[in-house]
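Q: I'll drop the sequence and a predicted model, then ask my questions.
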Amino acid sequence: MRVAIFASCVALLIVPVTVVARTPAATPPKCSASDTQHHRTLHGTATRFCGPARAVMRIEGESFTIAGGSCSGPRGSVQMGVMPGKGFYLYLYFKGFKHRRPGRNPIIDGTVELSGFSSLPHQGMSIFSKDLKNATFSLGSPPRITGSWTCR
C-alpha cells in the first residue's frame with residue numbers, strides 16, 4: 001500500500017502542469033472626430049472605417065446595424081464598420097461612368113463580415129437615390145443579404 005501511494009505522489013510530480021493564460025481580445029482603433037470628418041481608414045489589430053455613414057444589413061432573419069464608414073472610398077467603394085469583426089467593403093462598378101450615378105450600380109466584389117456567419121456573398125446590386133447619399137442593396141443568393149446604407 002505504501003508503495004502505491006509513493007508511486008502516485010512521484011507520478012504527480014513528474015506530470016508537467018500547463019497553465020494557459022488568456023490574452024484579452026485586441027481592441028480595434030477608435031475614430032476621433034477628425035478621423036470621422038475626413039473619412040479615414042485606421043489600421044491596427046483590425047481595420048476601422050471612419051465617417052458618418054451607416055448601414056443596416058439583414059440576413060436569415062437577423063439584422064445588423066453598422067455605424068461609421070464612408071461611401072467615397074477608392075474605386076467607388078463603400079466601406080463601413082470594423083474588419084475583422086462586423087463590417088463590409090464593397091466595390092461598385094460604374095459602366096461607362098467614372099463615378100456613381102443614381103439608379104442601379106452593380107457590386108462586383110468585396111468582403112462582408114458579420115458575427116455568426118461565414119462565406120457570405122459579396123456580389124450583387126445597389127440602387128442609389130437621386131442625391132447619391134442613400135442606397136439599397138442585395139448581395140448573393142443564398143444566403144441573401146439585403147439592406148441599405150446612408151452616406152452623409
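A: On my side now, so go ahead.
Q: buried sites along stretch 116-124?
A: By neighbour count on 16 or more other C-beta atoms under 10 Å, the buried set for stretch 116-124 is 120, 121, 122, 124. Every residue, glycine included, has its C-beta placed from N, CA and C.
Q: Can you get me the start-to-end distance on that stretch?
A: In stretch 116-124, first residue to last residue: 21 Å (C-alpha to C-alpha, to the nearest Å).
Q: What is the distance between it and the centre of its chain?
A: 11 Å (C-alpha atoms, centre = their mean, to the nearest Å).
Q: for this structure, what spans make up the strands?
A: Taking DSSP state E, the strands of the chain run over residues 41-43, 47-49, 54-59, 62-67, 69-70, 77-83, 87-92, 103-113, 124-128, 134-139, 145-150.
Q: Those: which one's closest to residue 32?
A: Between residue 32 and those, the tightest spacing by C-beta to C-beta is seen for strand 41-43, at 9.1 Å.
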